[in-house]
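Colleague: need a 3D model of the sequence below.
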Amino acid sequence: MASLKLSNYQARIFIPIVVLIWGFVIFLSFFHYYRSVNYKRSILKANIDLITNRVVESFESDDMVAANKFLGWIDTYYTTTDLDDVSVAVFDTQNETKVASAGFQLPMPNISELKRRGEFSTSDIDVLNEDGTPIDLGDRELFYYRTRSTADGKYLVQTVMPLTAMSAQSIAYSPVFIITIVIVAIVLTFIIYFFTAHLAKNITALRDFVDHAVAEKDTIPVEDFSNDELGDISRKIVELHIERVKAMNTLEHEHQIALKVTEEKSQMKRQLTDNINHELKTPIGIVKGYIDTLLENPDIDADTRNHFLSKSAIQINRLSTMLNDISTITRLEESASTIPTEKIDFQEVVFTTANDIVESGINKNMEFVYDIPFDTFIRGNFNLLGSVISNLAKNAANYSEGTEMGVKLINKNKNFYTFSFYDNGKGVDPTHLPHLFDRFYRVDSGRSRKNGGTGLGLPIVKSSILTLGGTISVRNRKGGGLEYLFTLPVWHD
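Modeller: The predicted model follows:
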């Protein structure tokens, strides 16, 4: 036990239980000892009383032959038993003489004193001999003394039992019971120790877990729990805590992402507002300059007046187009979920838009071709897709300096069609490619404004494709020009 160590928690459980167990063992041992010894002494005394009563009954019947026979039987029967040294003497109280005896012989007692004291039993005899001296048992102690008279008082029976080795052994306490319960108590002590150690291990592990959790440490010692119900419950608690921490971290991460997205949106709105202000200032400034010039020079000639008015009209048209484009891209971003989609044959969209492009002259001197199979059914919006093709065609006609533009189907899988819109022009420097879909971005700012561009055509194209659930990217073609690769979702009935 010296090598066994108790933790604080184990000690608070182990010590009180062990104290109760050993206290009960000690109490039970003393109780059993006194009860067992007293019981054995009472049995031996009862046997002596039985002998005394049988002798009295024999003399009360005046059958002296039977009485003497019984006394002889006592000498024979109780030999080598715990009553081997019992002494029985019968006295005639009238003549004060001994009339019969069995067992070892004792000196003649004081009959008058016995008659005076009457019938009694004791283990503490002071004076019994005629001369008033205590009864002499040699080197032995007196165990029990009993006297009883016959009913007529004629005879008095004296029974004396010394404490012999055999009688002492018969009433001696057997330590088997105490040894047994001590062994049981020792076993229980070890069992309780290991049980409380096992319990304390789980409680200590839980306490360590709580300390880790309070300290917000990342490492939680789950493997320290035992493989039982309490360990399983402890592991479940730890797992719930870990899941809670993960959920909190996820929420915090999502919160940070949301904050970042909100900040990016705010930044984009600020940038958009700045870009709009910048883009609006130019046409407004030009128009204001022409009008101020006309107002300050009322006598200006008609040709100059018409020139200024025509220039102002161009800027106003450009301003109107820009405002329409801003309204379109805002509607796409803020109301994307409200734009209706339906089953559309993309071949029909391209066919109709190609005719409009050629008739309106948007393609200028470039040829518009397409290769879209019939029954290319997509989930989309007819007007929005027509606007995508028109904006791509207008961008190619204004900036590619090529001779041909077109759109074709290049791939299909279970969920998406992949299309290519291309031109055979000069393309752009690779450094500009990542920014072509940025709002108000121009590869050549002066040339773009000269061509009437607002810088919002390609951003509208990207927003339209994303709104319909597709993707879009741009790259330079190997043979020259730009190629826009965009996907549109397949219609599923």
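Colleague: for this protein, where's the lowest mean pLDDT among helices and strands?
Modeller: Lowest on mean pLDDT, DSSP states H and E among the helices and strands of the chain sits helix 445-450, with a mean of 51.
Colleague: what's the following helix or strand after it?
Modeller: Later in the chain than helix 445-450, the nearest helix or strand by DSSP states H and E is helix 457-467.
Colleague: go through that following helix and flag the buried ones.
Modeller: Judged by neighbour count (16 or more other C-beta atoms under 10 Å), helix 457-467 contains these buried residues: 457-465, 467. (Glycine included, C-beta is placed from N, CA and C.)
Colleague: which elements pack onto that helix?
Modeller: Other elements packing on helix 457-467 under the criterion 3 or more C-beta pairs under 8 Å, 6 or more residues apart in numbering; DSSP states H and E are helix 302-334, helix 382-399, strand 472-476, strand 482-489.
Colleague: what about the first one, average pLDDT?
Modeller: Here helix 302-334 scores 73 as its mean pLDDT.
Colleague: can you show me the CA trace of the following helix or strand past it as PDB?
Modeller: From helix 302-334 onward toward the C-terminus, using DSSP H and E, the following helix or strand is strand 342-345. The C-alpha coordinates for strand 342-345 follow below in PDB (Å, rounded to 0.1, in the frame of the first residue of the first chain):
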ATOM      1  CA  GLU A 342     -37.400  29.400 -69.100                       C
ATOM      2  CA  LYS A 343     -36.600  26.700 -71.600                       C
ATOM      3  CA  ILE A 344     -34.900  28.400 -74.600                       C
ATOM      4  CA  ASP A 345     -33.400  27.200 -77.800                       C
END
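Colleague: partner strands of strand 342-345 and their direction?
Modeller: If you go by DSSP bridges, strand 342-345 pairs up with strand 377-380 (antiparallel).
Colleague: ok, residues contacting the strand it pairs with?
Modeller: For strand 377-380, contacts defined as C-beta atoms under 8 Å, 6 or more residues apart in numbering pick out 341-346, 349, 417, 468-469, 488-492.
Colleague: again, only this time at 6 Å
Modeller: The set of residues external to strand 377-380 that reach it, using C-beta atoms under 6 Å, 6 or more residues apart in numbering, is 341, 343-346, 468, 488-489, 491.
Colleague: low-scoring stretches of this protein, by residue?
Modeller: Per-residue confidence for the chain (pLDDT under 70) gives these ranges: 1-7, 115-139, 212-231, 268-282, 321-338, 444-454.
Colleague: for it, what's the longest helix?
Modeller: In the chain, assigned by DSSP state H, the helix with the most residues is helix 229-296.
Colleague: tilt between that one and helix 457-467?
Modeller: Calculated by axes from the mean of the first three to the mean of the last three C-alpha atoms, to 10 degrees, helix 229-296 forms an angle of 150 degrees with helix 457-467.
Colleague: for helix 229-296, packing partners?
Modeller: Contact here means 3 or more C-beta pairs under 6 Å, 6 or more residues apart in numbering; DSSP states H and E; on that basis helix 229-296 packs against helix 176-214, helix 302-334.
Colleague: and that helix, how far from the chain's centre?
Modeller: Mean C-alpha position of helix 229-296 versus that of the full chain (C-alpha atoms, centre = their mean, to the nearest Å) differs by 36 Å.
Colleague: thinking again about what came up before, just the closest of the contacts of strand 377-380 to Ser320, please.
Modeller: Leu468 (26.5 Å; C-beta to C-beta).
Colleague: now do the contacts for the closest one.
Modeller: Each residue near Leu468 by C-beta under 6 Å, 6+ apart is listed here: Gly380.
Colleague: next: Val474.
Modeller: 433, 436, 484.
Colleague: any idea how far the spatially most central residue of the chain is from Ile13?
Modeller: Centroid-nearest residue in the chain, with C-alpha atoms, centre = their mean: Ile237, separated by 2.3 Å. Using C-beta to C-beta, to the nearest Å, we find Ile237 at a distance of 21 Å from Ile13.
Colleague: let's see the distance spanning stretch 73-89 from one end to the other.
Modeller: 14 Å (C-alpha to C-alpha, to the nearest Å).
Colleague: how far off centre is that stretch?
Modeller: 79 Å.
Colleague: what of stretch 58-77?
Modeller: That offset, for stretch 58-77, works out to 88 Å (C-alpha atoms, centre = their mean).
Colleague: how many neighbours does the closest residue in space to Thr93 that isn't next to it in sequence have?
Modeller: Leaving aside its sequence neighbours, Thr93 sits nearest to Leu156 (C-beta to C-beta, 6 or more residues apart in numbering; 5.2 Å). Burial of Leu156 is recorded as 23 neighbouring residues (other C-beta atoms under 10 Å).
Colleague: for the helix or strand that contains Leu156, C-alpha coordinates in CSV please.
Modeller: Using DSSP H and E, Leu156 maps to strand 155-163. Taking Å, rounded to 0.1, in the frame of the first residue of the first chain, the C-alpha atoms of strand 155-163 are listed here in CSV:
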residue,chain,number,x,y,z
TYR,A,155,-30.4,-32.6,50.8
LEU,A,156,-28.2,-29.9,49.4
VAL,A,157,-26.3,-30.4,46.1
GLN,A,158,-23.1,-28.5,45.5
THR,A,159,-21.6,-28.4,42.0
VAL,A,160,-18.1,-26.9,41.4
MET,A,161,-16.4,-26.5,38.0
PRO,A,162,-12.8,-25.3,37.9
LEU,A,163,-11.4,-23.6,34.8
